[in-house]
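S.K.: Okay, predicted coordinates and the sequence, questions at the end:
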Amino acid sequence: MQTASARENIFDTKETIEFSGFGRIVGGYLDDKDLAFQHYQNNLSFTEQSLLALRVDAHLSDKLKLVTQGILHTGTIRENEVQWLYLQYQASRSLSVRLGRQRMPFFDFSETNDVGFAYPWITPPIQVYTDFLFFDIDGIMASYEFSGKDVSGAIESYFGEFEGELTVAETSSQTKLNNSRGLILKLNYDSFTFRASHHITQVDLGLKPIVEFRDILRSAELNDAADSIGVEGSIEFSQLSLSYDSFDYFMKTELTRYDSDFLAFPDVKNGYITLGYNFYPYSLHLTYANSVEEYDRPDNLIPVGINSELDALSFGFDQILMQLNSDGLESVTLGLRYDYSDNVAFKTELAKLNGDDNARGLFTENSVSNPGNKANFFQVAVEWVF
Amino acid sequence: MRFSVVVLTLLSIACCGISKRVCAEESLRSTKLLIVANVDSELSLTKQEVKNLFMGGVIDYDLRPITLTAANKERTLFHARVLGLTDARVRSYWAQMRFSGRKQQPDTAENEAQALEYVTANAGTITYIKSTTPLPEGLVVVYRSN
């Protein structure tokens, strides 16, 4: 058995099965007793983001390996799961192909969102790294690396599908993604890394209350109204990011945008910028993040005052629109990381959260008396890899 | 002129007498690194190519990098001078690459002597050494750090 990513020593024989993993214990506290954010409340909790993962790389030949990664969560909404299960074929030094269950590579840290040791934050900017956008698709991905004297990079593309439960704030639904595909370009120059990606997927959010209400509208021959509250359609997702890493300073910024052609998925623009200073073994970061959401709300054309049935349907239609919560949120976060050893780091973070007025703002519980959703969020964490 | 040289030398000796560690660190700061490879012909790499190679990327040449364990100061120097990163940042980078399945960390030698022994015996391998280390026959310097 081997527990390191590379051979412990170059003169050792390379193992055919490698074990590795990561873990994190994360505590959080919200200073508002009427709100909950990412399920943290007004008492210190260590259960929402703590986790332990084990990864196995089984080398079937020089070019072919089987990779699987299982994860145990203490969180209230995430289930223990096998996140990865794929075959990876290294066709050449530049070209590799994966086939099987893998994470859709929307963002810089999509594939390592759970590996806190890999990034400076405790909670990556939640406006961009929204939980529900981490789909583990079944599909195929190809990656081609290239390099010149001063520039290097990679082009990646994937195709796949997903079926599983999706949770946004308190609302869960059985979701299907079909015909999901994307193209990713990465470039490295000096201390800069640039990434651009574009993704398209067909989605069926399967939101039962809306689906059932649409059936009622159709049975009343209100087909236009039924069609206007869609829960399925296509989503286009675009992402741009730029990182700068030097011995003393670092900077990361990532902008994302998704556009949907149906009601239940909002058009969203979000992004963050992180500025950091390294004073080894410490690093300090200041992060500003923001998200703007907008639903393309249809007009209620169901006539009222004709009979009680139409009145009830019109009321129901308005209720559906009212349930579409916006998650616009602005935040400023100050964080400190201390690298205790080669594989253990401690972190602490304080975020000032400022949700849009009269919006959910990614809070999981809202107070009618505090519609502004403003709170301070404090976190501590231990991160490790093995 | 001669007086100032004598004073500086005496100060330097006093410094070493007071703290060997301080002197060792000073000496390390002035140490330059050589990136050496076991290749058939003369080869020169850019800093970006060396960086790319030791961070798991591909370059035009088929070379296999050998790094050192964390106990070696040369590794810290290599990270700082060639990769331009702290040890902590390099470790978090490898955590990201490792668990995204993107890139494989270079194999590791216990120390510079072992790295040189391995690279000398294996064509197509590359490592880093102090510029003061005698270069074994058959190895080519492909990059010199500042």
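M.R.: All right, it came through fine.
S.K.: Just the C-alpha atoms of stretch A:163-180, please, in PDB.
M.R.: The C-alpha coordinates for stretch A:163-180 follow below in PDB (Å, rounded to 0.1, in the frame of the first residue of the first chain):
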ATOM      1  CA  GLU A 163     -29.500  12.400 -12.400                       C
ATOM      2  CA  GLY A 164     -29.900  13.100  -8.700                       C
ATOM      3  CA  GLU A 165     -31.100  15.300  -6.000                       C
ATOM      4  CA  LEU A 166     -30.400  19.000  -6.200                       C
ATOM      5  CA  THR A 167     -30.800  21.300  -3.200                       C
ATOM      6  CA  VAL A 168     -31.000  25.000  -3.400                       C
ATOM      7  CA  ALA A 169     -31.200  26.600   0.000                       C
ATOM      8  CA  GLU A 170     -34.100  24.500   1.700                       C
ATOM      9  CA  THR A 171     -35.600  23.200  -1.600                       C
ATOM     10  CA  SER A 172     -34.700  19.800  -2.900                       C
ATOM     11  CA  SER A 173     -35.700  18.300  -6.200                       C
ATOM     12  CA  GLN A 174     -34.900  15.300  -8.400                       C
ATOM     13  CA  THR A 175     -33.000  16.800 -11.200                       C
ATOM     14  CA  LYS A 176     -31.800  15.500 -14.600                       C
ATOM     15  CA  LEU A 177     -29.100  16.900 -16.800                       C
ATOM     16  CA  ASN A 178     -28.900  15.600 -20.400                       C
ATOM     17  CA  ASN A 179     -26.600  16.400 -23.200                       C
ATOM     18  CA  SER A 180     -24.200  18.300 -20.900                       C
END
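S.K.: Identify all contacting residues around that stretch.
M.R.: A:77, A:104, A:130-132, A:135-137, A:139, A:158-162, A:199-208, A:325, A:327, A:360, A:362-365 (Cβ atoms under 8 Å, 6 or more residues apart in numbering or on different chains). In short, each C-beta sits where N, CA and C put it, glycine included.
S.K.: Same question for stretch A:351-364.
M.R.: For stretch A:351-364, contacts defined as Cβ under 8 Å, 6+ apart pick out A:35-39, A:123, A:126-127, A:130, A:169-170, A:291, A:293, A:325-334, A:366, A:371-379.
S.K.: In helices, which of the contacts of stretch A:163-180 fall?
M.R.: Among the contacts of stretch A:163-180, the members falling in helices (DSSP state H) are A:Lys208.
S.K.: and the contacts of stretch A:163-180, which are buried?
M.R.: A:104, A:130-131, A:135-137, A:139, A:158, A:160, A:162, A:199, A:201, A:203-207, A:325, A:327, A:360, A:362-365 (16 or more other Cβ atoms under 10 Å in any protein chain shown).
S.K.: now, which of those residues lie within strands?
M.R.: Among the buried ones among the contacts of stretch A:163-180, DSSP state E puts A:136-137, A:139, A:158, A:160, A:162, A:199, A:201, A:203-204, A:363-365 in strands.
S.K.: Show me which residues of chain B are close to chain A?
M.R.: B:46, B:48-49, B:52, B:57-60, B:62, B:66, B:70, B:80, B:84-89, B:91-96, B:98-102, B:104-110, B:114-115, B:118 (Cβ under 8 Å from any Cβ of the partner chain).
S.K.: now, which of the residues you listed lie within strands?
M.R.: Per DSSP E, the residues of chain B next to chain A map to strands at B:66, B:107-109.
S.K.: gap between the nearest residue to B:Asn111 once chain neighbours are set aside and B:Thr108?
M.R.: What sits nearest to B:Asn111 in space, not counting adjacent residues and going by Cβ to Cβ, 6 or more residues apart in numbering or on different chains, is B:Asn72, at 6.0 Å. With distances taken as Cβ to Cβ, to the nearest Å, B:Asn72 is found 10 Å from B:Thr108.
S.K.: Please apply the same query to A:Lys65.
M.R.: Counting by Cβ to Cβ - A:Lys65 and B:Thr108 are separated by 20 Å.
S.K.: which stretches of chain B form helices?
M.R.: With DSSP H as the criterion, chain B has helices spanning B:2-18, B:20-30, B:47-54, B:73-78, B:87-100, B:112-121.
S.K.: Please apply the same query to the stretch 101-250 of chain A.
M.R.: For the stretch 101-250 of chain A, the helices defined by DSSP state H, counting those that start in this stretch occupy A:208-219, A:223-228.
S.K.: ok, residues contacting the first one?
M.R.: Going back to what we said before, that points to helix A:208-219. Outside helix A:208-219, the residues touching it (Cβ under 8 Å, 6+ apart) are A:173, A:223, A:225-226, A:229, A:231, A:264, A:302, A:313, A:316-317, A:320, A:323.
S.K.: and of these, the nearest to B:Lys130?
M.R.: Nearest to B:Lys130 among the contacts of helix A:208-219, counting by Cβ to Cβ, is A:Ser173 at 60.3 Å.
S.K.: What's the local residue count around that closest one?
M.R.: 19 (other Cβ atoms under 10 Å in any protein chain shown).
S.K.: Show me what it is bridged to.
M.R.: Applying DSSP bridges to A:Ser173 yields these beta-bridge partners: A:Leu166.
S.K.: Could you count how many residues lie near B:Thr132?
M.R.: By other Cβ under 10 Å, the residues close to B:Thr132 number 9.
S.K.: for B:Ala113, same thing?
M.R.: Using other Cβ under 10 Å, B:Ala113 has 11 other residues around it.
S.K.: A:Leu99 and A:Leu85 touch, don't they?
M.R.: No - if you go by Cβ atoms under 8 Å, A:Leu99 and A:Leu85 don't touch, sitting 10.1 Å apart.
S.K.: for A:Gly316, phi and psi?
M.R.: phi -60, psi -40 (degrees, to the nearest 10).
S.K.: The residue nearest to it when sequence neighbours are not counted - how many residues pack around it?
M.R.: Excluding the flanking residues, the one nearest A:Gly316 by Cβ to Cβ, 6+ apart is A:Phe213, at 5.8 Å. Using other Cβ under 10 Å, A:Phe213 has 19 neighbouring residues.
S.K.: Would you mind giving the helices of the stretch 101-250 of chain A as TSV with mean pLDDT added?
M.R.: Putting these into TSV (pLDDT from 0 to 100) gives the following:
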stretch	mean pLDDT
helix A:208-219	85
helix A:223-228	85
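S.K.: how about TSV for these, with distance to A:Phe22 added?
M.R.: Below are these laid out as TSV (distance: least, Cβ to Cβ, whole Å):
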stretch	distance to A:Phe22
helix A:208-219	36
helix A:223-228	45
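S.K.: and the contacts of stretch A:351-364, which of them are in strands?
M.R.: Per DSSP E, the contacts of stretch A:351-364 map to strands at A:36-37, A:291, A:293, A:329-334, A:374-379.
S.K.: Kindly write the PyMOL command that selects the buried subset of these.
M.R.: Buried members of the ones in strands among the contacts of stretch A:351-364, defined by 16+ other Cβ under 10 Å, are picked up in PyMOL with:
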select buried, chain A and resi 36+37+291+293+329+330+331+333+374+375+377+378+379
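S.K.: Enumerate every residue touching the closest residue to A:Tyr158 other than its chain neighbours.
M.R.: Closest residue to A:Tyr158 apart from its sequence neighbours, by Cβ to Cβ, 6+ apart: A:Met141 at 3.8 Å. Counting by Cβ under 8 Å, 6+ apart, A:Met141 touches A:97-98, A:102, A:105, A:156-160.
S.K.: swap in A:Glu156?
M.R.: A:Glu156 neighbours (Cβ under 8 Å, 6+ apart): A:105, A:141-144, A:183-184, A:186.
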